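S.K.: My questions are about this predicted structure, shown below with the sequence.
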Amino acid sequence: MKGDLFSSQYMVQPATAPGMTVENAKSLKYAVNGEMFARQGAMIAFRGNLQFERKGQGVGGMLKRAVTGEGLPLMAVRGQGEAWFAHEAQSCFIVEIDPGDVFTVNGRNVLCFDASLTYEIKTVKGAGISGGGLFNSVFTGQGKLGLVCEGSPLVIPVSPQYPVYVDTDAVVGWTASLQTSLHRSQSFGSMIRGGSGEAAQLMLQGDGFVVVRPSEATPQRPQQH
């Protein structure tokens, strides 16, 4: 069989080492040799001897809850083999976390991650209910974290001299050295008269980076079980 579909551009190659790699712009490949974690429903293909288990409780104390801040359940993947992960054809990226790093990310953007990473859910300080009641996933340890994002993300440096204000529906994550608070950009009167609609943003101050996607959040589809 011939044709562009069977060219090297689309043909997957065997993994050369265990762990997570970018397969293409819309999917990640994980060569499993032991255990890893992924968003439920994100596996699109696998080969080898792998078992998939939905997680409803903590795993060895690593997961305080087996859902992300957006209510997206996780699954453990165990065994030896290769698995491919994607979510609604969104763009995929890998963040490498080193000892001492702390990265906080919106749960809707989590795709998969190494079992060597420690994970917990925390309320975003200063956001409050009016800031979306933000509950973010905080990752520490050493390993790789796979993320998805609608479109190409913006990585914006934050400095003490230049705080950054982001739409709470567009923020993907940020380095945890940053301080967060809710910033109101409109008066109640201007909202009634018809303002921009962006009444409040998350303000990030300090020294670090914030990742923003080029679109606001879309309603989450019900999980298929």
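M.R.: Right, received. Where do you want to start? Residues are numbered from 1 along each chain as shown.
S.K.: switch to C-alpha atoms for all contacts and neighbour counts from now on
M.R.: Fine.
S.K.: so where's the chain uncertain?
M.R.: Per-residue confidence of the chain (counting by pLDDT under 70) places the weak regions at 56-72, 125-134, 184-199, 216-225.
S.K.: Start from the N-terminal end of it and give the helices.
M.R.: With helices called from DSSP state H, the chain shows them at 188-193.
S.K.: quick one: buried residues of stretch 160-175?
M.R.: Buried positions in stretch 160-175, judged by neighbour count with 16 or more other Cα atoms under 10 Å: 163-175.
S.K.: for stretch 113-129, that is, sorry about that
M.R.: Neighbour-count burial for stretch 113-129 flags 113-115, 117-121, 124, 126-127 (criterion: 16+ other Cα under 10 Å).
S.K.: Could you dump these into JSON lines with distance to Ser91 added?
M.R.: As requested, the buried residues of stretch 113-129 are arranged in JSON lines below (distance: Cα to Cα, whole Å):
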{"residue": "Phe113", "distance to Ser91": "16"}
{"residue": "Asp114", "distance to Ser91": "19"}
{"residue": "Ala115", "distance to Ser91": "22"}
{"residue": "Leu117", "distance to Ser91": "22"}
{"residue": "Thr118", "distance to Ser91": "24"}
{"residue": "Tyr119", "distance to Ser91": "22"}
{"residue": "Glu120", "distance to Ser91": "24"}
{"residue": "Ile121", "distance to Ser91": "24"}
{"residue": "Val124", "distance to Ser91": "25"}
{"residue": "Gly126", "distance to Ser91": "29"}
{"residue": "Ala127", "distance to Ser91": "27"}
